[in-house]
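Student: Sequence and predicted structure, then a few things I'm wondering about:
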Amino acid sequence: MTDPIDSIDLDAVFAQLETQLAQAADATPTQLPETTTAVDDRRDAQRLDASHLSGDVRLSIRGGADAKAVDLSETGALAETTSRLRPGGVVELLLQVDGVRRLIRATVVRSTVHSLGPTIFRTAFKFEERTKLPERK
């Protein structure tokens, strides 16, 4: 008895697939897509660049990891960190503005490589509670 798989001509199958792919690549769309709109910004608080806040701003992750604030809002922060943090993880952030320290619980939203040598991650945090920020410069 012959195995049905042995009777398949694989060369013919691949030749047919290559022909179909080539035809699809050469085909021009009959209708252009409609103009796309920007993705809705889901933020409910204004972001402020850390350098635009009055006073000295420092951010660290409780447990020893340092972070450099990129921007802050009343509901979250974007920071540069030297270690990747797991999205969904809950951390305690120490936010210091002009010597006044606040402990803020936050959830890691994302953490991606931003630069290499040394490796720097951009990590987004969502605060559990709204946090009042200092005035702008």
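Tutor: Received the coordinates, thanks.
Student: would you list every one of the strands in the protein?
Tutor: Along the chain, counting by DSSP state E, strands occupy 48-49, 57-61, 65-72, 76-81, 90-97, 100-115, 120-127.
Student: what about Ser73, neighbour count?
Tutor: 18 (other CB atoms under 10 Å). Yep, even glycine has a C-beta here, placed from its N, CA and C like the rest.
Student: So it sits against Arg130, correct?
Tutor: No - contact criterion CB atoms under 8 Å: Ser73 and Arg130 do not qualify, at 9.2 Å.
Student: wait, which of the strands of the chain is closest to Gln20?
Tutor: strand 100-115 (36.6 Å; CB to CB).
Student: Give me the contact list for the closest one.
Tutor: Strand 100-115 has contacts (CB atoms under 8 Å, 6 or more residues apart in numbering) with 62, 76-77, 80-81, 84-96, 119-129, 131.
Student: With stretch 118-137 instead?
Tutor: Against stretch 118-137 from outside (CB under 8 Å, 6+ apart): 45, 48, 52-55, 67, 70, 72-85, 91, 93, 95, 97-98, 102, 104-114.
Student: just the buried members of these?
Tutor: Among the contacts of stretch 118-137, those buried by neighbour count (16 or more other CB atoms under 10 Å) are 48, 53, 67, 70, 72-73, 75-81, 85, 91, 93, 95, 97, 104, 106, 108, 111.
Student: Could you check the pLDDT of Val39?
Tutor: At Val39, the model reports a pLDDT of 41.
Student: same question, the one 4 residues further on
Tutor: Listed pLDDT for Arg43 reads 51.
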